[in-house]
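[1] Pasting a predicted model and its sequence here:
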Amino acid sequence: MAAAATPEFLAALVDALGADCVQVGDAVPARHHTDWSGTNPVAPAALVRPRSTEAVSALLSLCYAHRVPVVPQGGLTGLAGAAVPSAGCVALSLDRMNAVEALDARAATLTAQAGATIQAVQDTALAAGLQFGVDFGARGSAQVGGAIATNAGGNGVLQHGMMREQVLGLEVVLADGSVLPMLRPMLKNNTGYDLKQCFIGAEGTLGVVTRAVLRLRPLPAARATALVALPDFDAAQGLLARLQARFPGALSAFELMWRDFVAASLAWQNLREPFDAAHPFVALVDVGGQDEAMLRDALEAVLGDAMAAGEAIDAAIAQSQAQARTLWKIREATAELPAHMHPPINFDVSLPLADIGRFADACRDALTARWPGHHSLFFGHVGDGNLHLSTDAATVNGEEAAVEALVYAQVAAFGGSVSAEHGIGLHKKPYLGASRTPAELAAMRAIKRALDPLNLMNPGKVFDL
């Protein structure tokens, strides 16, 4: 049903929104042709940068009348291709709608426009003695609307949950230009369908998020960090459970690294081996509290119990924030991956916690059987079921699709999700069926048809109608 933008439509677009909000053809900056996913760039017919919800509504009403597709864009930091334009579409950038509009410190809520960066939300919360529960490396570029559209996670998921758990209310513009004013800052609101949930994680396929009411959290006064050597994955599970029992609601990170990842990280960054010997697994642990000395003592005690139980082999507790940053450098070697793995094929999957160790073993065995001599690294948040795999298997021979098919088949066999974060976009469309049943996909398509009957909102992303 969609149609490419015509010269007549583009002229009407400029008349309706103003020449300062619309760029057409070659005037559209190249950065709006693709996102961080590496997907081949596509030039949209126009780029629109509105300053208000009313302008977004006017844009979508006009596109609906002319059957022109719309591709919403946030900070363009997505890794699944969800913000890549389609030929003849209008790219909709929310970067001018970037205000943090209000903060209620007593209620611990914040209202922001969709174009505000995650960093801006974090800084505003910190200035009020609070924290925002979602954090990830692209915080300075990623926008609130994009993080909601992809249900972003990152470093705080174990403690605070995904972006979905931070959203109290939304303002959304539907495909026909109508506005859903759902900016209600309450935890409890059982008045029928919770419509805002439809748009969280929908990747812009159902409507455009323009504003959000976000939940904030108390800011811990102190933090303790430790690096723990472990004998096997079962021990890691035991340690995780022990830490969660001792520090309920305060365990903010449990980053598990297989030996292959640790060895690569140390070599790439010229770091020293953290322990006297190499160990099969290393966990990086962060705990929040109110008194730093008491927190370190408590962490030392629980790690001592873990060693006595055989769950831990050795441990190093940071005695300062500088030491904590040094420990975190081991985990943050992901920035070195492109330079050392020529380039890597990256996977960001989730699995039932009890199966992660067996999945990693099965995946490594399957890769070795097909591509002997491959270099594959396993690491992840793990405490929230999220596992990362980076591999150079088959990159030289151009068999990336075969690697993806093999890994996602393993994910399906273990009942996991092909996308822990970043969404489906274009990149994971062929594998969505590995994590969703035909009945689930039919229900998703029914929701899409109901809210976007002309298939104008980010068409071709997530699934095809």
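    Looks like it arrived, so ask away.
[2] Can you tell me which helix or strand of this structure has the lowest average pLDDT?
    The helix or strand of the chain with the lowest confidence, counting by mean pLDDT, DSSP states H and E, is helix 337-341 at a mean of 79.
[3] by contact count, what packs against whichever helix or strand comes after that helix?
    Moving toward the C-terminus from helix 337-341, the first helix or strand encountered (DSSP states H and E) is strand 345-350. Using 3 or more C-beta pairs under 8 Å, 6 or more residues apart in numbering; DSSP states H and E as the contact test, the elements touching strand 345-350 are strand 386-391, helix 400-413. Just so you know, the C-beta spots here come from the backbone N, C-alpha and C atoms, and that holds for glycine as well.
[4] out of the ones you listed, nearest to Asn151?
    Minimum separation from Asn151 across the helices and strands packed on strand 345-350 (C-beta to C-beta) falls at strand 386-391, 12.6 Å.
[5] Sheet partners, orientation included, of that closest one?
    Strands that pair with strand 386-391, judged by DSSP bridges, come out as strand 345-350 (antiparallel), strand 376-380 (antiparallel).
[6] Pick the most deeply packed of those.
    The highest mean neighbour count among those belongs to strand 376-380 (a mean of 25), with neighbours defined as mean count of other C-beta atoms under 10 Å.
[7] mean confidence for that strand?
    For strand 376-380, the per-residue pLDDT values average out at 94.
[8] what comes into contact with that strand?
    With contacts defined as C-beta atoms under 8 Å, 6 or more residues apart in numbering, strand 376-380 is touched by 255-258, 260-261, 264, 331, 334, 337, 344, 356, 360, 363-364, 367, 386-393.
[9] between it and helix 400-413, how big is the angle?
    Angle between the axes of strand 376-380 and helix 400-413 is 40 degrees (criterion: axes from the mean of the first three to the mean of the last three C-alpha atoms, to 10 degrees).
[10] How far away from the center of its chain is strand 376-380?
    17 Å (C-alpha atoms, centre = their mean, to the nearest Å).
[11] for Phe254, helix, strand, or coil?
    Classification of Phe254 by DSSP: H, G, I helix; E, B strand; the rest coil places it in strand.
[12] How many residues are close by Gly238?
    Using other C-beta atoms under 10 Å, Gly238 has 17 other residues around it.
[13] was I right about it contacting Ala308?
    No. With contact taken as C-beta atoms under 8 Å, Gly238 and Ala308 are classed as non-touching, separated by 11.9 Å.
[14] what residue ranges in the chain are flagged as low confidence?
    Within the chain, the stretches with pLDDT under 70 are 1, 396-397.
[15] most packed of the helices and strands packed on strand 345-350?
    Comparing those by mean count of other C-beta under 10 Å gives strand 386-391 as most buried, with a mean of 23.
[16] can you map out the helices along this protein?
    For the chain, the helices defined by DSSP state H occupy 7-17, 53-66, 118-127, 144-149, 157-160, 196-199, 233-246, 259-269, 292-308, 321-331, 337-341, 356-370, 400-413, 438-451.
[17] Pro343 and Leu337: what is the separation?
    Using C-beta to C-beta, to the nearest Å, one gets 7 Å for the distance from Pro343 to Leu337.
[18] quick one, which of those two is more surrounded?
    Of the pair Pro343 and Leu337, Leu337 is the one with more neighbours under other C-beta under 10 Å, namely 18 against 13.
[19] Quick one: residues contacting the more buried one.
    By C-beta under 8 Å, 6+ apart, the contact set of Leu337 is Pro343, Pro344, Asn346, Leu377, Ser390.
[20] can we see that at 6 Å?
    With contact set as C-beta atoms under 6 Å, 6 or more residues apart in numbering, Leu337 has these partners: Pro344, Ser390.
[21] Equivalent analysis for the one 10 residues further on, please.
    Phe347 is in contact with Leu389, Val407, counting by C-beta under 6 Å, 6+ apart.
[22] in the sheet, who's paired with it?
    Following DSSP bridges, Phe347 is listed with bridge partners Leu389.
[23] Report the buried residues of the least confident helix or strand of the chain.
    Of the residues in helix 337-341, those with enough neighbours to count as buried (16 or more other C-beta atoms under 10 Å) are Leu337, His340, Met341.
[24] From these, pick the one nearest Glu8.
    Leu337 (47.4 Å).
[25] how near is that closest one to Trp258?
    Note on Leu337: its distance to Trp258, by C-beta to C-beta, is 15 Å.
[26] And for Leu180?
    To Trp258, Leu180 is 45 Å away according to C-beta to C-beta.
[27] which one of the two has more residues nearby?
    Between Leu180 and Trp258, counted using other C-beta under 10 Å, the more crowded position is Trp258 (21 against 18).
[28] Number of residues surrounding the closest residue to Leu206 other than its chain neighbours?
    The shortest distance from Leu206 to any residue that is not its chain neighbour, by C-beta to C-beta, 6 or more residues apart in numbering, is 4.7 Å, and that residue is Leu451. Leu451 has 20 neighbours, counted by other C-beta under 10 Å.
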